[in-house]
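Visitor: Just the structure for this:
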Amino acid sequence: MSITGIPPCDRGVILSGTAGAPCSLGTRRWTLAVAILGSSLAFVDSTVVNVALPAIQQQMDATTASAQWVMESFALLLSALLLVGGALGDRFGRRRVFMLGASVFTLASIGCALSPDINILIGMRGVQGLGAALLVPGSLALISAAYPKDERGASIGTWSAFSGIAAALGPVLGGYLVEHYSWVWAFLINVPIGGVVLILCALKVDESYGASRKDPIDLRGASCITLGLSGIVFALIESPVRGWTSPLILIAAVVGVVGCGLFLHVEKRVRAPMLPLELFRERDFATANGLSLLLYAALGGSLFFLPLNLIQVQGYGATAAGAALIPFIAIMFLLSRWAGRLVDRFGARPPLVAGPAIAAVSFVLFTLPSIGDSYWTGFFPAVCVLGLGMSVTVAPLTTTVMNAVGAERAGTASGVNNAIARTAGLLAIAVFGVVLTAVYGARLVHELSNLHLPQDLRESIMQQRDKLAGTVLPEGTSASAVAELKQAIGMAFVSGFRLVMWISAGMALASALGTWFFMRPQKDSH
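Guide: You can find the predicted model right below:
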């Protein structure tokens, strides 16, 4: 699932698997409950941690780059190993791998909560991502195996509905725990849920295997893409601090590019590739994934910085910041069925042009609020328009990807699309961090030049510029200076945030235009 908690195409991840003999009604219902609880672990975790990041940054005296790594280490392992996780479930048993993923995720959550410093927390988040890579593909695989074909759509619809509710409520609950207790509870909340998942899965869920269980696991491809993405993300996140001419940054960038190149080389030659490149010969499939790359980069990258804006600049509590995106989730929940009918009536291309275009408008609206604007006039309209744009997009995108390559490869195609969407968000957070940091630093220099501050205080603020709006003012700073500095720091952050939103708008619009020019009209498609 993406950072927002909304999967681009998850409902087709496992449709190519074999379900075996139909399960009893009771077993099916328990399986559905386990799949919902299990997927909620990974889906909600990203949004909850987003809300907890300002508190983590403050308590651990972390830089913005370190805060990015808290998210990126999770997303990196999940993005790189998502398709491998699905293949492992097909081969060794979906229930077995699902339970392994839930166990790893739960234990890593405890490790996150007990982390004494930011570096250990980042490492534990990576282990969480590994667990999620085993857990996420298995949730829908279990449903696909348990339900007969004529009931599978309704069961997946139930899974989607409850996952949407969890995605909406999770950040609010997490924000409340962070605000009134500690950020530690953003991770400990996973422990009882994980325990229930493991118990129910062991007692109530049948084992199943996939049709491709005899295919070799593409470990070479997984290793190459993990190395490639790690190098690129490291170079992007650390470059604002270390500088682009740093030998470490240059080495990381080269390793990243070479790793991604080796990945493509391996995928062309391996017997059972995790990314079948021949799928991209299908024009609609390639276009849909291009849309996913641009739109989910805009969505995931920009919404990573929204809670930082709300909490550190606008002064929201963690609970209020967690609730800020509820309208987005609610609109998608209410309009998803209606949006699905758009494909039947107009074909996929019109909504896949209109949806990203509407999303582009929402990103432009996010550029309007300044410091102290009301949520209802400043952020609420943008959140609602974004919900409308994504509602119009998600169902047609799913349908296009599923139909473009035929039923026998629909599961693989959907998994590839989901992995691309996650990777897009992963890279966008890193790139947008570079942009925001650069703009913030330049604007902060300008703002401070207009203030009459002691030289040591000015230097203290500039030395912390890599913390962005998480800058800590020295003790003993006068009340008047505190007010002026908060305004200066806030305006510097808002300047960078606005540019990030303009870039997001451009990417969303580019995805709409690309779809218009390259996707076949309905009468010409398969």
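
Visitor: which stretch of helix or strand covers residue 372?
Guide: Here residue 372 sits in a region with no helix or strand, counting by DSSP states H and E.

Visitor: domains of the protein?
Guide: Annotated domains of the chain cover 1-215, 275-526 [automatic domain parsing].

Visitor: The shortest one: how far from the chain's middle?
Guide: So that's domain 1-215. Distance of domain 1-215 from its chain centroid, counting by CA atoms, centre = their mean, to the nearest Å, is 12 Å.

Visitor: before we move on, back to that, quickly, which of the domains of the chain bottoms out on average pLDDT?
Guide: Of all the domains of the chain, the minimum mean pLDDT falls on domain 1-215 (a mean of 79).

Visitor: ok so, going back, need the domains of the chain in TSV with distance to residue 256 and mean neighbour count, can you?
Guide: No exception for glycine: its C-beta is placed from N, CA and C like everyone else's. Output for the domains of the chain, formatted as TSV (distance: least, CB to CB, whole Å; neighbours: other CB atoms under 10 Å):
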stretch	distance to residue 256	mean neighbour count
domain 1-215	11	22
domain 275-526	10	20
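
Visitor: okay, these in TSV with distance to residue 228 next?
Guide: Converted to TSV, the domains of the chain look like this (distance: least, CB to CB, whole Å):
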stretch	distance to residue 228
domain 1-215	9
domain 275-526	10
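
Visitor: Select, out of those, the one closest to residue 227.
Guide: Closest of the domains of the chain to residue 227 is domain 1-215, at 8.9 Å (criterion: CB to CB).

Visitor: Which residue ranges of the stretch 301-450 of the chain form helices?
Guide: 318-323, 326-346, 349-366, 375-378, 380-404, 410-449 (DSSP state H, counting those that start in this stretch).

Visitor: looking at these, which is closest to residue 283?
Guide: That would be helix 380-404 among these, by CB to CB, at 8.2 Å.

Visitor: what's the distance between that closest one and the middle of its chain?
Guide: 15 Å.

Visitor: can you give me the angle that helix makes with helix 326-346?
Guide: 40 degrees (axes from the mean of the first three to the mean of the last three CA atoms, to 10 degrees).

Visitor: so what does helix 380-404 touch, helix or strand wise?
Guide: Using 3 or more CB pairs under 8 Å, 6 or more residues apart in numbering; DSSP states H and E as the contact test, the elements touching helix 380-404 are helix 283-308, helix 326-346, helix 349-366, helix 410-449.

Visitor: Would you convert these into JSON lines that also reports distance to residue 374?
Guide: Below are these laid out as JSON lines (distance: least, CB to CB, whole Å):
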{"stretch": "helix 283-308", "distance to residue 374": "16"}
{"stretch": "helix 326-346", "distance to residue 374": "15"}
{"stretch": "helix 349-366", "distance to residue 374": "14"}
{"stretch": "helix 410-449", "distance to residue 374": "24"}
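
Visitor: Find the nearest non-adjacent residue to residue 503, please.
Guide: residue 435 (6.8 Å; CB to CB, 6 or more residues apart in numbering).

Visitor: and residue 214, which of the helices of the stretch 301-450 of the chain is closest to it?
Guide: helix 410-449 (15.5 Å).

Visitor: hang on, the earlier thing: I'd like to know which of the domains of the chain is closest to residue 243.
Guide: For residue 243, the closest of the domains of the chain is domain 275-526, at 11.7 Å, according to CB to CB.

Visitor: Enumerate every residue touching residue 287.
Guide: Shown in contact with residue 287 (CB atoms under 8 Å, 6 or more residues apart in numbering): 400, 514-515, 518-519.
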